[in-house]
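[1] Predicted model, plus sequence, below.
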Amino acid sequence: VKMAAAAAAVPATTTTDGKTFAFNADINQLMSLIINTFYSKKEVFLRELISNASDALDKIRFASLTDTSVLGEVKDLKIDLIADKAANTLTIRDTGIGMTKTDLVNNLGTIAKSGTKSFMEALQAGADISMIGQFGVGFYAAFLVADKVEVFSKNNEDEQYVWTSSAGGSFTVERDETDDLGRGTRIVLHLKADQGEFIDESKIEALVKTHSEFISYPINLRKTKEVEREVEEDEEDEDEDDEVKDVDKDKKTKKVKDVTHEWEVLNKQKPLWTRKPEEVTTDEYASFYKSLTNDWDSHAAVKHFSVEGQLEFSAILFAPARAPFDMFESGKKKRNNIKLYVRRVFIMDDSEELMPEYLSFVKGVVDSEDLPLNISRESLQQNKILRVIKKNLVRKSLEMFKELSEDAEAYKKFYETFSKNLKLGIHEDSTNRSKIADLLRYQTSKSGEDLVSLKEYVERMKEGQPGIYYISGESKAAVEDAPFLEQLKKKGYEVIYMTD
């Protein structure tokens, strides 16, 4: 399980037994919101916990590229799901990097993540619970369906510990003497009485196929099988004193059911970016985008391409339908949202060398055939291959926006959300300045509520008009009544409103 980076350390309140800790005030408030408010999309919890498990597997796989000994005896990287009807529990187990005792205390309760308060504000403003993963607090979605959660975890740097909470403002962290994990994390959800649907194997399978099909590690569901067989029926003589038995008499049989368990892999799709674009359906792109980003909404646009020649790589880029909550925040926010793979092996998802800041909202994957598997962050900064990949990702992103602009209504929604990014690009990216300028849109003195490109403005300039006229101000209302505007209107000139 991986939790987002902490915003600020908050001292843990510990009882005298040294095992019980108080939740941070913001986290406690968030859990109260989750537990006491009705949400129809409770199934979001499984997507979040699987996503966290995948992140933990990414971390140990990346560490193993330079030191294979970190895998120890647990070499299979996987996620297991176990539904136990008798115990009314659902278990999510991974063989990822695991957590130390300190990680359990800090990451699951005493240190508020940077997105905790932002997510609460978004919830109170009417946002959907399904957005929880985008704020780095997806773990707490477990309390949508469980009244008690146990997290058993083993990291190579520590012994095995168990984190336990039934909410109520506190949690415990204790040494787990079973030592049965080897490495990784096992989350046991003790489901609420009315959440029995989430121990139904067919329900779990459907949720994984809908939301987590493109996770790059096998997701195994333990399936219960009942096998019927015939056995001899024990028969006592009616007369116990009669020692004579009829050996020729037909023996009676009865049918009994044996319960067995089998593992079934639920996500058998090969990586989407390795397939040809014409073979991928719109629904598959939508599922992949949601799995990749934890976004419940579909994407606004997609660009799927491969580059061959001296360099070879494949990529899928997505323009989201809405902006991330921290798009213009400084500090610890991720510089980009592109996952870097090398020959299908995940390397990292926060390399500053893959995208310029103005395109940090673009999400996707890029898979290189040429980069070394054990490349470090430091060598990435000097890597010529990565510079070529970045150049192509920028060019294809701008192509994606250009294609989206052919649908005026869809582009208007996109532009309202990301226009500031494009205008930042005008300043940041001198190489692509003219391409970005083609993507800018403005309201004008003649456009009404429509948006107009600079190209359209120039095409309909009045004959003899000496140049492009514009006026800047805080809002459309603020510039519409400017005296300077009246003189130009009388001449029939159109004026661009620059109101950002």
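    Structure's in. What do you need? As the structure is a prediction and not an experimental result, all values here were calculated from the model.

[2] Past the longest helix belonging to the chain, which element shows up next along the chain?
    Ranked by residue count, the top helix of the chain under DSSP state H comes out as helix 44-66. Beyond helix 44-66 on the C-terminal side, the first helix or strand identified by DSSP states H and E is strand 79-84.

[3] Ile79 is in contact with Val208, isn't it?
    No - with contact defined as C-beta atoms under 8 Å, Ile79 does not count as touching Val208 (9.4 Å). Yep, even glycine has a C-beta here, placed from its N, CA and C like the rest.

[4] Which of these two has more residues huddled nearby?
    Ile79 (26 against 20; other C-beta atoms under 10 Å).

[5] show me what contacts the more buried one?
    Ile50, Ala53, Ser54, Leu57, Ile92, Arg93, Asp94, Ile215, Tyr217, Pro218, Ile219, Asn220 (C-beta atoms under 8 Å, 6 or more residues apart in numbering).

[6] bridging residues for the fifth one?
    Spelled out, that is Ile92. Leu81, Ile187 (DSSP bridges).

[7] That one - how many residues pack around it?
    Ile92, neighbours per other C-beta under 10 Å, totals 23.

[8] now do the third one
    For Ser54, the count of nearby residues is 22 (other C-beta under 10 Å).

[9] thinking it is in contact with Ser216, fair?
    Yes - using C-beta under 8 Å, Ser54 is in contact with Ser216, at 7.1 Å.

[10] how close does Gly133 sit to Phe414?
    Going from Gly133 to Phe414 by C-beta to C-beta, to the nearest Å gives 22 Å.

[11] in a helix, that's where Leu181 is, yeah?
    No - checked against DSSP: H, G, I helix; E, B strand; the rest coil, Leu181 lies outside a helix; its state is coil.

[12] What about it? Give its phi and psi, please.
    The phi/psi pair for Leu181 (degrees, to the nearest 10) reads phi -90, psi -40.

[13] swap in the one 4 residues further on?
    Here the main-chain torsion angles of Thr185 (degrees, to the nearest 10) amount to phi -140, psi 140.

[14] which residues touch the residue nearest to Arg441 when sequence neighbours are not counted?
    Leaving aside its chain neighbours, Arg441 sits nearest to Leu451 (3.6 Å; criterion: C-beta to C-beta, 6 or more residues apart in numbering). Residues in contact with Leu451, defined by C-beta under 8 Å, 6+ apart, are Lys412, Tyr415, Arg441, Tyr442, Gln443.

[15] pretty sure Gln269 is in a helix, no?
    No - assessed with three-state DSSP, Gln269 is coil; it does not lie in a helix.

[16] That one and Glu213 touch, don't they?
    Yes - between Gln269 and Glu213 there is a contact under C-beta under 8 Å: 5.7 Å.

[17] Where in the chain is the helix or strand with the lowest mean pLDDT?
    Sorting the helices and strands of the chain by mean pLDDT, DSSP states H and E puts helix 377-381 at the bottom, at a mean of 66.

[18] just checking, next helix/strand downstream of it?
    Assigned by DSSP H and E, the successor of helix 377-381 is helix 384-404.

[19] Same question for that next one: list its buried residues.
    Going by neighbour count (16 or more other C-beta atoms under 10 Å), the buried part of helix 384-404 is 385-386, 388-390, 392-394, 396-398, 400-401, 404.

[20] now stretch 462-472
    So for stretch 462-472, counting by 16+ other C-beta under 10 Å, buried means Tyr469, Ile471.

[21] do the same with stretch 281-296
    Those would be Tyr285, Ser287, Phe288, Tyr289, Lys290, Ser291, Leu292, Thr293, Asn294, Asp295, Trp296, for stretch 281-296 by 16+ other C-beta under 10 Å.

[22] So for it, mean pLDDT?
    Across stretch 281-296, pLDDT averages out at 86.

[23] let's have the chain start at 549 instead
    Let's use 549 as the start, then, which means that last one is stretch 829-844.

[24] Alpha carbons of it, as PDB, please.
    Extracted in PDB, the C-alpha atoms of stretch 829-844 (Å, rounded to 0.1, in the frame of the first residue of the first chain):
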ATOM      1  CA  THR A 829     -12.200   0.300 -28.700                       C
ATOM      2  CA  THR A 830     -13.500   3.600 -27.200                       C
ATOM      3  CA  ASP A 831     -14.700   1.700 -24.100                       C
ATOM      4  CA  GLU A 832     -11.200   0.100 -23.600                       C
ATOM      5  CA  TYR A 833      -9.600   3.500 -23.700                       C
ATOM      6  CA  ALA A 834     -12.100   4.800 -21.200                       C
ATOM      7  CA  SER A 835     -11.500   1.800 -18.800                       C
ATOM      8  CA  PHE A 836      -7.700   2.200 -19.200                       C
ATOM      9  CA  TYR A 837      -7.900   5.900 -18.400                       C
ATOM     10  CA  LYS A 838     -10.000   5.400 -15.300                       C
ATOM     11  CA  SER A 839      -7.700   2.600 -14.100                       C
ATOM     12  CA  LEU A 840      -4.600   4.800 -14.800                       C
ATOM     13  CA  THR A 841      -5.800   8.000 -13.100                       C
ATOM     14  CA  ASN A 842      -8.500   7.000 -10.500                       C
ATOM     15  CA  ASP A 843     -10.800   9.400 -12.300                       C
ATOM     16  CA  TRP A 844     -14.400   8.400 -12.400                       C
END
